[in-house]
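Colleague: Quick one: sequence plus predicted model below, questions after.
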Amino acid sequence: MMENSSVFNNPHSPNDNSSGKHFNMEEKSGGGYDNNPAILNIINEGGENFYNYLKSLGLSKKSNLLVLSSKQHYFYDESDLRDVRTLVNLKRLNLIKNPEKFLHALFRILPDNANFVGCFSDSYLSHPSKLRDRFVSLLDFRTENKLSKDDVSALLEKNGFKIIDMTEMDGLTYFYSQNISEQIGLSA
């Protein structure tokens, strides 16, 4: 269990398909994903680039995928995540109050060799929406952590994740990592 950590808070019932519970991402026989709430959530909140990134990695068709909304908070313990093979976090790491604590909590509760996919805004890359994002952050009283590819790589590796891929698209950097907790002796 995650002691005293409010990384996730699940306000939904276990049978609610929009709650971020496990989704089977297998493509329908007709070739569409239009009725799959996980795909719709990824596209609606993360954008088509996020979905295309997952698809390019072959992860969009995997089963036992859990999508964490960028708009809601969830609480899951080890038993909830026991069968998760891929965790997709739609909230940019920059907008997480304490990304190191978040990653350490994930490391502790995800099964060995689980995939973890997310994104961040590289503070050292300039993109047109940067000023707008800072203004919105100020209005929302959010803290935007300054992160670079090197920062995120170091955070992931320090917290038990092996980086498989990092790809920049339209000002966001998407990453694909894998929990390698059995291979590292991280102390709690």
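Modeller: Yes, it's here.
Colleague: From now on I want contacts and neighbour counts done on CA atoms only, so please keep to that.
Modeller: OK.
Colleague: mind listing the helices for the protein?
Modeller: With DSSP state H as the criterion, the chain has helices at 37-41, 48-57, 78-81, 99-109, 130-139, 149-158.
Colleague: most packed of those?
Modeller: Most buried of the helices of the chain by mean neighbour count (mean count of other CA atoms under 10 Å) is helix 37-41; its value is a mean of 20.
Colleague: other SSEs contacting that one?
Modeller: Judged by 3 or more CA pairs under 8 Å, 6 or more residues apart in numbering; DSSP states H and E, the packing partners of helix 37-41 are strand 65-68.
Colleague: and if we set it to 10 Å?
Modeller: When contacts are defined as 3 or more CA pairs under 10 Å, 6 or more residues apart in numbering; DSSP states H and E, helix 37-41 sits against helix 48-57, strand 65-68.
Colleague: Let me see the contact set for residue 54.
Modeller: Residue 54 makes contact with 42, 48, 60, 61, 62, 88, 117, 118, 174, 175, 176 under the criterion CA atoms under 10 Å, 6 or more residues apart in numbering.
Colleague: The nearest residue to residue 155 once chain neighbours are set aside and residue 106, how far apart?
Modeller: Nearest-residue entry for residue 155: residue 100, 6.3 Å, with adjacent residues in sequence omitted and distances by CA to CA, 6 or more residues apart in numbering. Going from residue 100 to residue 106 by CA to CA, to the nearest Å gives 10 Å.
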